[in-house]
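Visitor: Compute the structure for the input listed below.
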Amino acid sequence: MTGLGLVDTHAHLMDAAFDADRDAVVERAQQSGVTGMLLVGYDLASSRAAVDLARRLPNTGAAVGIHPNSAADASDADFNALSDLARMPEVVAIGETGLDNYREFTPPVRQREAFEWHLRLAESLDLPVVIHNRQADNDVSSVTEGFHGCGVLHCFSSSDPAYLERMLDRGFLVSFAGPLTFRSASSTRDMAKRVPQERLLVETDCPYLAPEPHRGRRNEPAFVRDTAACLADVVGVPLLQLAETLASNSVRIFGGLAA
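Guide: Predicted coordinates for the structure are as follows:
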């Protein structure tokens with residue numbers, strides 16, 4: 001299917017998982033109706049790779065950041081270099097950053113310090129921030145309370161309507177990934193119904209979290225169509241209509257990622 005105009009707003013296409021067939025992956029995405037991608041870094045090296053790849057691929061942008069699970073290993077020099085990298089023209093967002101209370105590879109205090117640093121950087125550059133949240137609703141809400149900017153709640157998985165409403169009130173967009181399609185994800189689909197359509201985004205988070213019917217395989221940007229189709233069913237609109245809204249939302253927050 002071509003001409004659908006979907007944007008994969010969270011792809012780790014620069015990962016080694018795609019080294020053997022990256023060009024073919026991009027071609028399959030285009031054939032599936034994907035016309036834009038946001039390439040998201042999670043440490044300094046992957047952020048640099050995201051910028052380099054965004055230079056070569058049309059209708060892509062880069063997000064640069066240090067994931068909360070990587071923050072413990074990041075030096076002050078890494079953060080300084082990331083700040084410089086964020087000023088490159090290919091960079092359209094800061095992140096992914098945020099908080100992870102599930103794995104805790106990084107002590108909570110260090111996670112919070114890094115998250116606050118990313119928010120300050122996003123504010124100073126007037127760029128949106130891409131937020132990772134795993135079992136940290138209250139903490140994410142607390143840290144972002146004084147944030148004067150916009151952003152995306154990446155791979156949304158919370159089941160707390162109060163948290164969702166607080167973040168919507170602060171202007172955040174909400175992005176859904178492959179787990180939306182899982183049979184066990186009825187609570188996620190219920191939350192998706194609460195999000196105004198002008199605040200919705202879709203993503204793959206590839207190479208992770210492939211949607212049904214690809215679950216268990218390496219995820220890739222072409223599969224964002226399956227998540228978008230599920231989301232269209234959830235909100236009760238035709239896929240083509242929702243795709244137009246999603247593309248408009250993507251351009252509004254990230255700029256020209258869609259053809």
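Visitor: then stretch 30-46 to PDB, C-alphas only?
Guide: Taking C-alpha atoms only, stretch 30-46 is exported to PDB below (Å, rounded to 0.1, in the frame of the first residue of the first chain):
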ATOM      1  CA  GLN A  30       7.700   3.000   1.700                       C
ATOM      2  CA  GLN A  31       5.700   0.200   0.000                       C
ATOM      3  CA  SER A  32       3.700  -0.100   3.200                       C
ATOM      4  CA  GLY A  33       2.700   3.600   3.100                       C
ATOM      5  CA  VAL A  34       5.300   5.000   5.500                       C
ATOM      6  CA  THR A  35       6.600   8.300   4.200                       C
ATOM      7  CA  GLY A  36       8.500   9.600   7.200                       C
ATOM      8  CA  MET A  37      10.500   8.400  10.200                       C
ATOM      9  CA  LEU A  38      12.000   9.800  13.400                       C
ATOM     10  CA  LEU A  39      15.300   8.100  14.200                       C
ATOM     11  CA  VAL A  40      15.800   8.000  17.900                       C
ATOM     12  CA  GLY A  41      19.000   7.800  19.900                       C
ATOM     13  CA  TYR A  42      19.400   6.300  23.300                       C
ATOM     14  CA  ASP A  43      23.100   7.100  24.000                       C
ATOM     15  CA  LEU A  44      25.700   9.300  22.400                       C
ATOM     16  CA  ALA A  45      26.900   6.700  19.800                       C
ATOM     17  CA  SER A  46      23.300   5.900  18.700                       C
END
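Visitor: so what's residue 232 up against?
Guide: 238, 239, 241, 242, 243 (Cβ atoms under 8 Å, 6 or more residues apart in numbering). C-beta here means a position set from N, CA and C on the backbone, and glycine is covered the same way.
Visitor: Report the spatially nearest residue to the first one, omitting neighbours in sequence.
Guide: The one in question is residue 238. The spatial neighbour of residue 238 that comes closest, neighbours along the chain excluded (Cβ to Cβ, 6 or more residues apart in numbering), is residue 232 at 6.5 Å.
Visitor: so how far is residue 75 from the one you found?
Guide: From residue 232 across to residue 75, the span is 44 Å (Cβ to Cβ, to the nearest Å).
Visitor: Kind regards, and thank you for your time.
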